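*Asks:* prediction below, plus the sequence it came from.
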Protein chains: 2
Amino acid sequence: MQLSNKIYSFRIQPQDVDFQYHATMAAMTNILLTTAGYNADDNGFGIRDLNNIDCSWVLLRLAVEMYCFPKQYEKIQVETWVEEVGRASTTRNFLIRNEQDEMIGKASSNWAMININTRRAQDMISLNGIHKHATGVPISMEKPIKLGLVEGNPVDVFKVKYSDIDINGHTNSMRYVEWISDCFSLDVYRQKQIKRFEINYVNEILFDEEISIFVNETEKNDFRFEIRKEGKTACRARMVLTEAS
Amino acid sequence: MQLSNKIYSFRIQPQDVDFQYHATMAAMTNILLTTAGYNADDNGFGIRDLNNIDCSWVLLRLAVEMYCFPKQYEKIQVETWVEEVGRASTTRNFLIRNEQDEMIGKASSNWAMININTRRAQDMISLNGIHKHATGVPISMEKPIKLGLVEGNPVDVFKVKYSDIDINGHTNSMRYVEWISDCFSLDVYRQKQIKRFEINYVNEILFDEEISIFVNETEKNDFRFEIRKEGKTACRARMVLTEAS
């Protein structure tokens, strides 16, 4: 069933690229979340639709595999579909293609519905009509998994500022990815490329909270991250690097 | 002469807005710089045209006056024209209108041409054909002025990271505006609005340099900023606030 399968086009903008003219992982994440938003709107279950019933979507987990990062001004197409709608979470998948229609990336995400007043998860069984968008179509990649604790000394400590805060009053999801990406020097980006990125969002981060970032290379080129706010886990992430081609 | 007067449309995206659903000053600056880039390309004197002769544009000064900040998903139109082309710098002006065609902002900018190898200013007299784009049309606002030194203790000190660096290997212009905007708490943004923003770009900021930020309220609601890198002035800025309507 192709009902909920849709393709959205994006052009990589100057603000999306790094010093090597490639879209950053943060920019790719932002494009995926924008795609999710567009498709949820098209399906009639966007943030604004959910807001009408005092609910909202929260991203629980995301895994992204990139074979090639698009360059500045390149046009890309993101195909997305809902794989399944459970009671506690829903899975949305993505395929990313370049202008030559070559597949350059894949992603899979899990979302929960929360009540915006209590901030507690809601059972999706009550969402009339959403289940018909569950296509059952999987994606051929390892799903985002639950990541473990990262210990050691923080590599960075700072406070959350105005520019980090989005319309929900929380640090926006893209900022987490920037903070994680910022753990590597330019030299690492010159020599290596991010092959897989995974993130678990655990707790919302608020204005003026103190952030500590922890990193651990568990195997060669397999990095685990943890962002803590006031000592509490806010998110965990993983980046698998490969030698740049 | 309307030859070089052109209007460009933008839609305020989720990543452009702050916790109050309004475009940030950093996002507005980015839109203005993008507009400048589009129009310079249309005139045949874009960055890529200049790169062909080993040159580039650098922004020296920018002043922005906002009467009303556009909201998320709002469409705005930015009209831009070159006022004059001198030997050392060129002036470009902007008018910003909302969907109801009401003027919501104005801006004026000064640019120099540099040699990308020596990083030194070049005489624009050699730029054949650029002078015909100088319309001589001024804008009814105070031009960006040279701002003075700001002393005292830094309000923030941090290192420049991967996400701050653009394709030129320097901190991108929008990031400076974010760092300045981040000197205010959410409470200030709740109670006040930025009426005028001015920035002087003095020195480029590189990866891993240590940044210190200085602020001084010279008169009520008139804030002066200085960003220093390794003790040297990188930029000076000014924000004039007004009570939010």
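*Replies:* Noted; the coordinates are in hand.
*Asks:* need the contact list for the closest residue to residue A:7 other than its chain neighbours.
*Replies:* In space, and not counting its chain neighbours, residue A:7 is closest to residue A:79: 4.7 Å by C-beta to C-beta, 6 or more residues apart in numbering or on different chains. Where you see a C-beta, it was placed from the backbone N, CA and C, and this is true even at glycine. Residue A:79 makes contacts with A:5, A:6, A:7, A:94, A:95, A:97, as judged by C-beta atoms under 8 Å, 6 or more residues apart in numbering or on different chains.
*Asks:* try 10 Å
*Replies:* A:5, A:6, A:7, A:8, A:35, A:39, A:93, A:94, A:95, A:96, A:97, A:103 (C-beta atoms under 10 Å, 6 or more residues apart in numbering or on different chains).
*Asks:* filter the residues you listed down to the buried ones.
*Replies:* A:5, A:8, A:35, A:39, A:93, A:94, A:95, A:96, A:97 (16 or more other C-beta atoms under 10 Å in any protein chain shown).
*Asks:* one step back: for the residue nearest to residue A:7, give its distance to chain B.
*Replies:* For residue A:79, the distance to chain B equals 21 Å [C-beta to the nearest C-beta, to the nearest Å].
*Asks:* pull the number of nearby residues for the residue lying closest to residue A:43 once chain neighbours are set aside.
*Replies:* Of all residues not flanking residue A:43 in the chain, residue A:133 sits nearest, at 5.1 Å (C-beta to C-beta, 6+ apart). Neighbourhood size, residue A:133 [other C-beta atoms under 10 Å in any protein chain shown]: 23.
*Asks:* what's the spacing between residue A:133 and residue A:83?
*Replies:* As judged by C-beta to C-beta, to the nearest Å, residue A:133 and residue A:83 stand 10 Å apart.
*Asks:* and for residue A:53?
*Replies:* For residue A:53, the distance to residue A:83 - C-beta to C-beta - is 23 Å.
*Asks:* among these two, which residue is more densely surrounded?
*Replies:* residue A:83 (19 against 13).
*Asks:* give me every residue that touches the more buried one.
*Replies:* A:90-93, A:108-110, A:133-139, A:143 are the contacts of residue A:83 under C-beta under 10 Å, 6+ apart.
*Asks:* so which helix or strand takes in it?
*Replies:* strand A:75-85 (DSSP states H and E).
*Asks:* put the alpha carbons of the helix or strand just after that strand into CSV.
*Replies:* Downstream of strand A:75-85, the first helix or strand assigned by DSSP H and E is strand A:90-97. Presented in CSV, the C-alpha positions along strand A:90-97 are these (Å, rounded to 0.1, in the frame of the first residue of the first chain):
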residue,chain,number,x,y,z
THR,A,90,5.3,4.4,16.1
THR,A,91,8.1,3.6,13.6
ARG,A,92,8.8,5.8,10.6
ASN,A,93,11.4,5.0,8.0
PHE,A,94,13.3,7.1,5.4
LEU,A,95,15.2,6.6,2.2
ILE,A,96,17.5,9.5,1.0
ARG,A,97,18.4,9.8,-2.7
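*Asks:* quick revisit: tell me what the residue nearest to residue A:7 is bridged to.
*Replies:* Per DSSP bridges, the residues bridged to residue A:79 are residue A:7, residue A:95.
*Asks:* per-residue pLDDT, it?
*Replies:* Per-residue confidence (pLDDT) for residue A:79: 97.
*Asks:* my guess is residue A:243 contacts residue A:191. True?
*Replies:* Yes - judged on C-beta atoms under 10 Å, residue A:243 makes contact with residue A:191 at a distance of 6.9 Å.
*Asks:* thinking again about what came up before, and the two most separated of the contacts of residue A:83?
*Replies:* By the measure C-beta to C-beta, A:133 and A:143 form the most distant pair in the contacts of residue A:83, at 18.9 Å.
*Asks:* check which helix or strand residue A:190 maps to.
*Replies:* Assessed by DSSP H and E, residue A:190 sits inside helix A:186-191.
*Asks:* other residues contacting that helix?
*Replies:* The contact list for helix A:186-191 (C-beta under 10 Å, 6+ apart) reads A:18-20, A:22, A:24, A:181, A:184-185, A:194, A:223, A:241, A:243-244, B:161-162, B:165, B:169, B:206-208.
*Asks:* for it, the distance to its chain's centre please.
*Replies:* 22 Å (C-alpha atoms, centre = their mean, to the nearest Å).
*Asks:* pLDDT score for residue A:131?
*Replies:* For residue A:131, the predicted pLDDT is 90.
*Asks:* how much space separates it from residue A:35?
*Replies:* In terms of C-beta to C-beta, residue A:131 sits 21 Å off from residue A:35.
*Asks:* for residue A:192, give the beta-bridge partners.
*Replies:* With DSSP bridges applied, residue A:192 shows beta-bridge pairing to residue A:243.
*Asks:* right, and it touches residue A:20 too?
*Replies:* No - in this structure, residue A:192 is not within contact of residue A:20 by C-beta under 10 Å, at 11.4 Å.
*Asks:* which neighbours do those two share?
*Replies:* residue A:244.
*Asks:* rewinding a little: overlap of the contact sets of residue A:133 and residue A:83?
*Replies:* Joint contacts of residue A:133 and residue A:83 (C-beta under 10 Å, 6+ apart) are A:90, A:92.
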